[in-house]
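Asker: how does the following fold in three dimensions:
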Amino acid sequence: MSFLRFLGGRPADPSAAGVADRPSSLTEETEAIRRIVSRLESLPPERARLLAGLAYILARAAYADLDISEAETTAMEEELAAIGVDSSQAVLVVEMAKLQEKTTGDTSDYLATREFRDRSTPEQRLSVLRACYRVCCADESISGAESATLNQIANELGLSREEAAAIRAEFAEWISARLGFGTVQGSLG
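Answerer: Numbering: from 1, shown residues only. Now for the predicted structure:
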């Protein structure tokens, strides 16, 4: 079961999704993913979908620079723990989200974010963007690629420019461009 299929974003039949001609390794479930999905299936369906969506969006933010550091992985696990997910389940969900982002990210990002937007409250959408910023700055800076992805996520979540800017301002000290500007300005003055 793919992560998006679990979210309800893809048909159950791989041929209906246009992936029938792909190598079998992409369409077969792995044992690890089966275990993760079975853990999520023990949750109420709506909570499982929101949790899966949150984890996927966090992985998307972390992978914006084509790398998910150990610090970012830990931050993702901490974000899930902060909303009451037990630590072993948080590890499993984060690993699944990372795998899905690395293998299907570009084609799935918008769909997963839109799915979360449609199932979440305005407060949850603000919280997920703030969590994405915390994950991105876990390695002590937010790169230009991460910043651009965070802007896309805010837009896809349907947040206003003012809402997104207010959250961005909370993390201004971690944004690489601003850190670099301060260094140059300090050396010129």
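
Asker: residues touching the helix or strand harbouring Cys136, excluding its own?
Answerer: Assigned by DSSP states H and E, Cys136 belongs to helix 122-136. Contacts to helix 122-136, defined as CB atoms under 8 Å, 6 or more residues apart in numbering, come from residues 50, 54, 57-58, 60-62, 64, 72, 75-76, 79, 116-117, 120, 142-143, 146, 150, 153-154, 157-159, 163-164, 167-168, 170-171, 174. The C-beta positions use only the backbone N, C-alpha and C, and glycine is treated the same way.

Asker: ChimeraX command to pick out the buried ones of those?
Answerer: ChimeraX command restricting the contacts of helix 122-136 to the buried ones, with burial defined by 16 or more other CB atoms under 10 Å:
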select :50,54,57,58,60,61,62,64,72,75,76,79,116,117,120,142,143,146,150,153,154,157,159,163,164,167,168,171,174
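
Asker: what's the burial count for Ala71?
Answerer: Using other CB atoms under 10 Å, Ala71 has 14 neighbouring residues.

Asker: residues touching it, list them.
Answerer: 138-140.

Asker: a strand runs through Leu166, doesn't it?
Answerer: Heads up, residue 166 is Ala, not Leu. No - counting by DSSP: H, G, I helix; E, B strand; the rest coil, one finds Ala166 to be helix, located in no strand.

Asker: my read: Glu156 touches Ala112, true?
Answerer: No - using CB atoms under 8 Å, Glu156 is not in contact with Ala112, being 9.3 Å away.
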